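Participant: I need the structure of the sequence given here:
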Amino acid sequence: MKKLFFLAAFLFLCIISGCEKDDSLDELLENDLKNTTANFTLPINPIDIDKGEIVIKYEEGLSEAGKQEIRDQYQVTEYKKCECADPTLELWVFVIDSSGETSSGLTLETVVNGTRETLGVEGSQMNTIIKHKGGKLNSAFGPDDITSATNLLKSSNNGVTIAVLDTGIDHNYFGFELPFIYNNSLNTNACIDDDMIDYVGWNFVDNNNIPFDNHGHGTQASYMIYEKLTAQNINFQILPVKVFDENGNARYFDILCGFKYILNNSDVKIINMSFGWYGTEYTLLREFIESAQDDVLIIASAGNESNDNDIIAHYPSSYNSNNILSIASWNGNTYNSGLSKFSNYGTQSVDIAAPGQNIPFYIDENDYILLSGTSYASAYTSAIAGTLYTPGIAPMQHIESILYTCTLSNNLTDIKYQSYLDY
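Facilitator: Numbers count the residues shown, from 1 in each chain. Sure, this is the predicted structure:
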């Protein structure tokens, strides 16, 4: 991401306005990883869902007959469409025999390579599971019916709309006292699939219109955004998009569909993506992100393995796109600021730090747990982005406004802008 101009401007502003620099050499906080409940991470190599799934991206405008002709060519009998998002995306499912071949006698690798050269196909990739190590909440806060969700619908969609691509939202959480869910009934492009109407976001895991969080992470991240923006009396709404299941697993295909679903909604100006994986770039998602460079700001967590993302890329935070802001976790110590010990870093690939260590999350009126992870630093940054949003602002300008609110620190030389967002 080419933000050198922003860095120069930021440093100049600090010189003339006296930005705070934390020069203390006190020891860093020692309890970075205690009480951590939802750190989104992946092993270096994502694992296959099973040995028979391939993501296909057809060329725009290809007819259904044209798609069927290509399916027939590769003897595809089972497939899943990307309803409510992108008619060019499709998931092919193959039965693999003991020799690792499909019914047509081809390996999956051969199918992927062949489809990439097939007229009418724009992209082809193996389908994988994106995993995270975050612990889930012991139970939901209420039933997964749509009534509790519609009770939190905004009567009108005003101000800034933030999409949270995650495990969904538990609409029963007692902290959600005011309506804040994006009202899709007011959106002329709202999805209607299999007689289900899109009111409160979409569930791509179960293919229905109730993006209910039966894990907990999406609710936690969304509440951080809700709490900050509500306290500052900002007009906002959150669009929940469920792509991770109750065990914290997401199909790459569902992430693609969820992301395109968000892009179909022109009201969304910020996307919070508190998850990631290492190594494999996945070009289709990169292309989708780049297609929104002029329209949507993406806040992405940097990861929680104490890794240098300049050496081992962590996606989506490491995609080289001008609309991505990559977020590390700050230790919360204003006297001796630094990264949380678990946080990933990188002078080229990680931009700023934000509060992500020992964040209280109340599980009832009197009891709370402490959350740690760049997921929460990302959510906090999304909230700050919401406070700084103005109609018509471009993503690069939006990023610049966020950088101007940061505090410079000599202890943060291992991230690009050497600065953090204060509480």
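Participant: mind listing the helices for the stretch 201-350 of the chain?
Facilitator: 217-231, 252-263, 283-291 (DSSP state H, counting those that start in this stretch).
Participant: how about the ones you listed, which one is nearest N187?
Facilitator: Among the helices of the stretch 201-350 of the chain, the nearest to N187 by C-beta to C-beta is helix 252-263 (11.5 Å). No exception for glycine: its C-beta is placed from N, CA and C like everyone else's.
Participant: Export the closest one to PDB, keeping only CA atoms.
Facilitator: Listed next in PDB are the C-alpha coordinates belonging to helix 252-263 (Å, rounded to 0.1, in the frame of the first residue of the first chain):
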ATOM      1  CA  TYR A 252     -13.000 -19.600   1.300                       C
ATOM      2  CA  PHE A 253     -16.000 -19.800  -1.100                       C
ATOM      3  CA  ASP A 254     -18.300 -18.300   1.600                       C
ATOM      4  CA  ILE A 255     -15.800 -15.500   2.400                       C
ATOM      5  CA  LEU A 256     -15.800 -14.600  -1.300                       C
ATOM      6  CA  CYS A 257     -19.600 -14.600  -1.500                       C
ATOM      7  CA  GLY A 258     -19.900 -12.700   1.700                       C
ATOM      8  CA  PHE A 259     -17.500 -10.000   0.500                       C
ATOM      9  CA  LYS A 260     -19.200  -9.600  -2.800                       C
ATOM     10  CA  TYR A 261     -22.600  -9.400  -1.000                       C
ATOM     11  CA  ILE A 262     -21.200  -6.500   0.900                       C
ATOM     12  CA  LEU A 263     -19.800  -4.800  -2.200                       C
END
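Participant: avg pLDDT for that helix?
Facilitator: If you average the pLDDT over helix 252-263, you get 97.
Participant: low-scoring pLDDT stretches of the stretch 51-200 of the chain, where are they?
Facilitator: Within the stretch 51-200 of the chain, the segments meeting pLDDT under 70 span 51, 133-135, 194.
Participant: what are the phi and psi angles of Q68?
Facilitator: With angles defined as degrees, to the nearest 10, Q68 sits at phi -70, psi -30.
Participant: where's it relative to T413, distance?
Facilitator: 56 Å (C-beta to C-beta, to the nearest Å).
Participant: before we move on, the earlier item: could I get the helices of the stretch 201-350 of the chain in CSV, plus columns for distance to E59?
Facilitator: What follows is the helices of the stretch 201-350 of the chain, written out as CSV (distance: least, C-beta to C-beta, whole Å):
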stretch, distance to E59
helix 217-231, 33
helix 252-263, 15
helix 283-291, 13
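Participant: Just send these back as JSON lines, with mean neighbour count too.
Facilitator: Below are the helices of the stretch 201-350 of the chain laid out as JSON lines (neighbours: other C-beta atoms under 10 Å):
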{"stretch": "helix 217-231", "mean neighbour count": "24"}
{"stretch": "helix 252-263", "mean neighbour count": "25"}
{"stretch": "helix 283-291", "mean neighbour count": "17"}
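Participant: Looking at those, spot the one closest to T387.
Facilitator: helix 217-231 (6.7 Å).
Participant: I'd like to know which elements that closest one is packed against.
Facilitator: Under the contact definition 3 or more C-beta pairs under 8 Å, 6 or more residues apart in numbering; DSSP states H and E, helix 217-231 sits against strand 160-166, strand 236-242, strand 359-362, helix 374-388.
Participant: Can you tell me which helices and strands the third one packs against?
Facilitator: Counting contacts by 3+ C-beta pairs under 8 Å, 6+ apart, strand 359-362 packs against helix 217-231, strand 368-371.
Participant: redo that, cut-off 6 Å
Facilitator: strand 368-371 (3 or more C-beta pairs under 6 Å, 6 or more residues apart in numbering; DSSP states H and E).
Participant: Out of the helices of the stretch 201-350 of the chain, which gets nearest to D364?
Facilitator: The nearest among those, by C-beta to C-beta, is helix 217-231 at 13.8 Å.
Participant: Is F212 bridged to anything, and to what?
Facilitator: Note on F212: beta-bridge partners by DSSP bridges are I169.
Participant: if we can go back for a sec, same list (the helices and strands packed on helix 217-231) but as CSV, adding distance to N323.
Facilitator: Below are these laid out as CSV (distance: least, C-beta to C-beta, whole Å):
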stretch, distance to N323
strand 160-166, 13
strand 236-242, 17
strand 359-362, 26
helix 374-388, 11
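Participant: residue nearest the centroid of the chain?
Facilitator: Closest residue to the average C-alpha location of the chain: M273 at 1.5 Å, with C-alpha atoms, centre = their mean.
Participant: From V241, how far out is that one?
Facilitator: Here M273 is placed at a distance of 10 Å from V241 (C-beta to C-beta).
Participant: what's the overlap in contacts for these two?
Facilitator: Residues within reach of M273 and of V241 at once, by C-beta atoms under 6 Å, 6 or more residues apart in numbering, are L165.
Participant: need the helices and strands packed on helix 217-231 in a markdown table with mean neighbour count, can you?
Facilitator: Listed next are the helices and strands packed on helix 217-231 as a markdown table, based on neighbours: other C-beta under 10 Å:
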| stretch | mean neighbour count |
| --- | --- |
| strand 160-166 | 27 |
| strand 236-242 | 27 |
| strand 359-362 | 17 |
| helix 374-388 | 28 |
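Participant: hmm, back to that, for T118, which of the helices of the stretch 201-350 of the chain is the nearest?
Facilitator: helix 283-291 (15.9 Å).
Participant: Many thanks, I have nothing further to ask.
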